[in-house]
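**Q** the following block contains a protein sequence and its predicted model.
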Protein chains: 4
Amino acid sequence: MTAPASSYVLTLTCANRPGIVSAVATALFEAGGNIQEAQQSDDVTTGRFLMRVVFDVSSETREEALRGSLGAVAERFGMAWSLRDRAVKRRVMLLVSKFDHCLADLLYRWRIGELPMELTGIISNHPRETYAHLDFTGVPFHHLPVTKATKMEQEAEIWRLFQATGSELMVLARYMQVLSDGLAAKLPGRCINIHHSFLPGFKGARPYHQAHARGVKLIGATAHFVTADLDEGPIIEQDVERISHADTPDDLVRKGRDIERRVLARAIRFFLEDRVILNGGKTVVFTA
Amino acid sequence: MTAPASSYVLTLTCANRPGIVSAVATALFEAGGNIQEAQQSDDVTTGRFLMRVVFDVSSETREEALRGSLGAVAERFGMAWSLRDRAVKRRVMLLVSKFDHCLADLLYRWRIGELPMELTGIISNHPRETYAHLDFTGVPFHHLPVTKATKMEQEAEIWRLFQATGSELMVLARYMQVLSDGLAAKLPGRCINIHHSFLPGFKGARPYHQAHARGVKLIGATAHFVTADLDEGPIIEQDVERISHADTPDDLVRKGRDIERRVLARAIRFFLEDRVILNGGKTVVFTA
Amino acid sequence: MTAPASSYVLTLTCANRPGIVSAVATALFEAGGNIQEAQQSDDVTTGRFLMRVVFDVSSETREEALRGSLGAVAERFGMAWSLRDRAVKRRVMLLVSKFDHCLADLLYRWRIGELPMELTGIISNHPRETYAHLDFTGVPFHHLPVTKATKMEQEAEIWRLFQATGSELMVLARYMQVLSDGLAAKLPGRCINIHHSFLPGFKGARPYHQAHARGVKLIGATAHFVTADLDEGPIIEQDVERISHADTPDDLVRKGRDIERRVLARAIRFFLEDRVILNGGKTVVFTA
Amino acid sequence: MTAPASSYVLTLTCANRPGIVSAVATALFEAGGNIQEAQQSDDVTTGRFLMRVVFDVSSETREEALRGSLGAVAERFGMAWSLRDRAVKRRVMLLVSKFDHCLADLLYRWRIGELPMELTGIISNHPRETYAHLDFTGVPFHHLPVTKATKMEQEAEIWRLFQATGSELMVLARYMQVLSDGLAAKLPGRCINIHHSFLPGFKGARPYHQAHARGVKLIGATAHFVTADLDEGPIIEQDVERISHADTPDDLVRKGRDIERRVLARAIRFFLEDRVILNGGKTVVFTA
């Protein structure tokens, strides 16, 4: 009787040169792997090579052996790489403020098994009763209020909870506090934010009102990695909806909610499936 | 025997107050008009009322009589208004530089009768042979080269041609010269430009290359009225297309061409059908 | 001191002829109404005229007086018409089966005040625990199981609940039972269903699997009124998403959920705002 | 001095089993190839494996050597495969009837170098003057009128021209004659057609009028391979546009033209870049 197979996803990046695909594919083949999906990208600007491979192995294959084979290839080509058992779900912490449309949406998708993740906690600067109609069963809730004076301590507690729970991804699901540079710097490629975006862009408060005043015909949202140095980090996903002069600022806010929640959910899915690879100030997203 | 009907489009704007629709509709009814389409917008921010009405009259109705009836209503409400016989095509002048994708597209749509306009001329700062494969039959071509030293004279000639041909709309169909404030000021609500637009926006040269470097997932184009005072005038129409990391800067330029030509063609159609009304720094577009 | 204004929405349809807009606008003006929005459509195929008017009146205006004035106009033109105080929310009953993505979405939009409606009940052929993680606070839940033998009785109970609660709209939010012709006939223009739609269409079971086998590049959903006579009643709203060969049937089902819930929510919003008018076998949707 | 590189695209399909990617990548590496892009798909339903690889070789590498190495791998895995020098443009023949929007669009894209193809001819059942304003310079035009009585001879002449010109792709750019089964059977995976598509679908004449009567909210177009046995062959690309009750049947036809020409152009581009692989009754399109 054949033992059931395990499925892995391998991501890697290195300087481009001939022979990478051959070396990786051969190492996988010799380790008993059968490639199910493979995607690659050559960034001709930077000379970087990026790759994602999904493969099966029989259950007799030990992960250490796989890591040994791949490690040898990685060393030869100077690769940064990651190997993940697809049966092990990623651990995700959600941060939220008053507006809970992204939170409610993510919870629903998680409950029906659409997003393959473990929720390690929900952190809010608002109390539990803000979300009275949302069922948090199975997910610890942490009320961490914040003022200018307590921001440092609050962020330290966020970071402690993130580490203590073994979290791998922090999602700012309409968390309306700006992360300090220090906290952002601890989470490169591991913290996703969602925000509105417009053509043209608007600075300052009440952007939907500004967009209305300017008469734009499209509004959008962008999910991106949070970085310390940039206003706006590497973009993961974007989408837009059409609006008209008949839409009030409130209509824009309402349509914005729909765009924000679907763009954020897509970006998280891409992350959970190891489809997003950081490539300098931008990302490669292997959307298949 | 019933005489064939004429069809008119009326647009008007004034300060909002009760009774406008009633007064306009009654004036039209009493003048023998039958309303086919009517659209209106109340700008609650500014208190302006904007309206577009398409109506038929029997061929016995004289336009002067119509204008008299409507003029009385307009005076009562302090309206800016325009009445246009839909059988009379708008007169349009095209300005173009080296890239001719918008020009070729507009010419095609014009020839098959899709855009109800008279082309009064094509002005380019490049010579006729730049467009060797485009058929300009029926449209005068003017080669008006331009340098910094001759810009004033060149623009004077553009303006002379615009007036001499009775043109009502100037279209910058990828005309790569910035109009001087003086010329722009002569064409409020009568000059449409097309340019690329991105989330986020990019300043400076080679925007598609910047967008590529930033890893944006959507690129777009905006058609807008040209104004003297603003970087970018009132927006008429926008659209986007999805891109990915696999798209090169050349792919972005190619997809940009497709977006630009369809956005510009839509904006011109809206203008030709009197669907666009200037409303301060923005537009109302009655797209039906 | 000015009394606060009331806001009404008027919809009407009649055979097209000159003078309708004038008569309606004048009646509203004389009754003290100030038109805020007006949209109309002439169906040249059928000669029907359809109109939607939103207007304010001072609080001194009595609704009976309004109805009297409008009734006189309606009689003159043979109109079917409806006048509704916008402050009075529509009463809506939801029917659902096992899949609750539309239900969860509608409940969320209702709770945050995005959809202006009163929920009169949730009816399911599955028990309450099917929706263990959804908060039904404030909405009566009715478990009405159904078999072929009991369908007549179950539908009678649905109809009794609909009437007893003063419901005005029934929403089949992925209710997987086909309504009998008899029940459908009681709900013309008052029952909205959501279902998948594809290019090309597929008959029979497991349509997402069929679409996958056929290699379609777009999947979609359609919200429509339920009718007794037609396979598929008058369409209210549709949307699509792009898919690729890399999407599994499960991916299609997942993307389908997203399309279904947003298309259904939009259709219900249009209904609640009196934007949908039945016009024979199709609808006019004044989306503004 | 390094000789300039050549670039190839390899496509292949075979029954899936472990080791394919390794074998292909190793053969390419040993033959001096450097992989630039690689995409693959496993059809879990049929057990087929499909792959597209773009790679460079130094100019010293001879194509025969490449073919030898790859042929050995192909034989081992029972692959159907194709190797193409990307510098050699595909040879394409266009068939057209009265409506020339797709033809004009393809000619323009070809002239500016956007579509990397050689046009081997334009065949129409209408005379040259039908396209008086299109410049056919550099492309032979063949007027091949057709009646029921002469269809067999006309198709024989089409086929003769296709072969005599070394054409590799036939594009039905709104060619309004149905190809006979016999001619279609000679062109599996080599003949692309464009036609309208709707949700729901409509049979018979004047589909845009039917769609209008039915009140659909989206109209679309589908580009597909022509087959003898099917109403509609394997789908390559699809797109839609939103419409409303205010769109007349003529508006639908106009919007349909825009969708048709962009969907057809995309499908042809995918073919020219070897991104489309037939997979039974459907396609894999590696859109990157």
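**A** On my side now, so go ahead.
**Q** only C-alpha atoms for contact and neighbour calcs from this point on.
**A** Fine.
**Q** which residues of the stretch 1-150 of chain A score low on pLDDT?
**A** A:1-4 (pLDDT under 70).
**Q** what ranges do the strands span in it?
**A** Counting by DSSP state E, counting those that start in this stretch, the segments of the stretch 1-150 of chain A that form strands are A:6-15, A:34-43, A:48-57, A:80-85, A:90-96, A:117-124, A:141-143.
**Q** right, and the ones you listed - which one's nearest B:F202?
**A** strand A:34-43 (21.2 Å; Cα to Cα).
**Q** so which of the strands of the stretch 1-150 of chain A is nearest B:N193?
**A** That would be strand A:34-43 among the strands of the stretch 1-150 of chain A, by Cα to Cα, at 34.0 Å.
**Q** can you tell if the closest one touches chain C?
**A** No - using Cα under 8 Å from any Cα of the partner chain, we find that strand A:34-43 stays clear of chain C, coming within 9.3 Å at best.
**Q** contacting residues around the strand or helix carrying A:M170?
**A** For A:M170, the host element (DSSP states H and E) is strand A:169-172. For strand A:169-172, the external contacting residues (Cα atoms under 8 Å, 6 or more residues apart in numbering or on different chains) are A:90-96, A:162, A:190-194.
**Q** most surrounded residue in these?
**A** Highest neighbour count within those: A:I194, with 28 neighbours (other Cα atoms under 10 Å in any protein chain shown).
**Q** ramachandran angles for that residue?
**A** The phi/psi pair for A:I194 (degrees, to the nearest 10) reads phi -120, psi 130.
**Q** check contacts around it.
**A** A:L172, A:A173, A:R174, A:A221, A:T222, A:A223, A:H224, A:E260, A:V263, A:L264.
**Q** now do the closest residue to A:T165 other than its chain neighbours against chain B, distance only.
**A** Excluding the flanking residues, the one nearest A:T165 by Cα to Cα, 6 or more residues apart in numbering or on different chains is A:T120, at 6.1 Å. Distance of A:T120 to chain B, computed by Cα to the nearest Cα, to the nearest Å: 30 Å.
**Q** swap in A:A72?
**A** A:A72 is 29 Å from chain B, by Cα to the nearest Cα.
**Q** before we move on, what about A:G233?
**A** 9 Å.
**Q** tell me what the closest residue in space to A:P234 that isn't next to it in sequence is bridged to.
**A** Spatially, and ignoring its direct neighbours in sequence, A:P234 is nearest to A:K282 (4.4 Å; Cα to Cα, 6+ apart). The partner list for A:K282 in beta bridges (DSSP bridges) reads A:N279.
**Q** residues near A:K282, how many?
**A** 20.
**Q** make sure it is actually in contact with A:E237.
**A** No - shown here, A:K282 and A:E237 do not form a contact pair, counting by Cα atoms under 8 Å, at 11.2 Å.
**Q** quick check: pLDDT value at the residue nearest to A:R190 when sequence neighbours are not counted.
**A** Excluding its sequence neighbours, the residue lying closest to A:R190 (Cα to Cα, 6+ apart) is A:L169, at 4.8 Å. The confidence metric pLDDT takes the value 98 at A:L169.
**Q** hmm, A:G215 is touching A:H245, no?
**A** Yes - under the criterion of Cα under 8 Å, A:G215 makes contact with A:H245 at 6.6 Å.
**Q** what about the two, which has more around it?
**A** A:G215 (23 against 19).
**Q** wait, what's in contact with the closest residue to that one other than its chain neighbours?
**A** Once flanking residues are discounted, A:G215 sits nearest to B:K282: 5.0 Å by Cα to Cα, 6+ apart. Neighbour list for B:K282: A:A213, A:R214, A:G215, B:G233, B:P234, B:I235 [criterion: Cα under 8 Å, 6+ apart].
**Q** swap the cut-off to 7 Å and go again
**A** Neighbouring residues of B:K282 by Cα atoms under 7 Å, 6 or more residues apart in numbering or on different chains: A:R214, A:G215, B:P234, B:I235.
**Q** likewise for A:L278?
**A** A:G189, A:V284.
**Q** okay, it and chain B: tell me how far apart.
**A** For A:L278 relative to chain B (Cα to the nearest Cα), the value is 11 Å.
**Q** ok, A:T150 - how many residues close by?
**A** 12.
**Q** check A:E64 too.
**A** Based on other Cα under 10 Å, the number of other residues close to A:E64 is 9.
**Q** spell out the residue ranges of the helices in chain A.
**A** Per DSSP state H, chain A carries helices over the ranges A:20-30, A:63-77, A:101-111, A:151-164, A:181-185, A:207-214, A:249-272.
**Q** out of these, deepest packed?
**A** helix A:20-30 (a mean of 22; mean count of other Cα atoms under 10 Å in any protein chain shown).
**Q** angle of that helix against strand A:34-43?
**A** Using axes from the mean of the first three to the mean of the last three Cα atoms, to 10 degrees, the inter-axis angle of helix A:20-30 relative to strand A:34-43 is 160 degrees.
**Q** on contacts alone, who are the packing partners of helix A:20-30?
**A** helix A:63-77, helix D:20-30 (3 or more Cα pairs under 7 Å, 6 or more residues apart in numbering or on different chains; DSSP states H and E).
**Q** who's in contact with that helix?
**A** By Cα under 7 Å, 6+ apart, helix A:20-30 touches A:S69, A:L70, A:V73, D:P18, D:G19, D:V21, D:S22, D:A25, D:T26, D:F29.
**Q** let's see that with 6 Å instead.
**A** Helix A:20-30 is contacted from outside by D:G19, D:S22, D:A25, D:T26, using Cα atoms under 6 Å, 6 or more residues apart in numbering or on different chains.
**Q** can you tell me which of the residues you listed lies nearest to chain B?
**A** Closest approach between the contacts of helix A:20-30 and chain B, by Cα to the nearest Cα: D:A25, at 20.5 Å.
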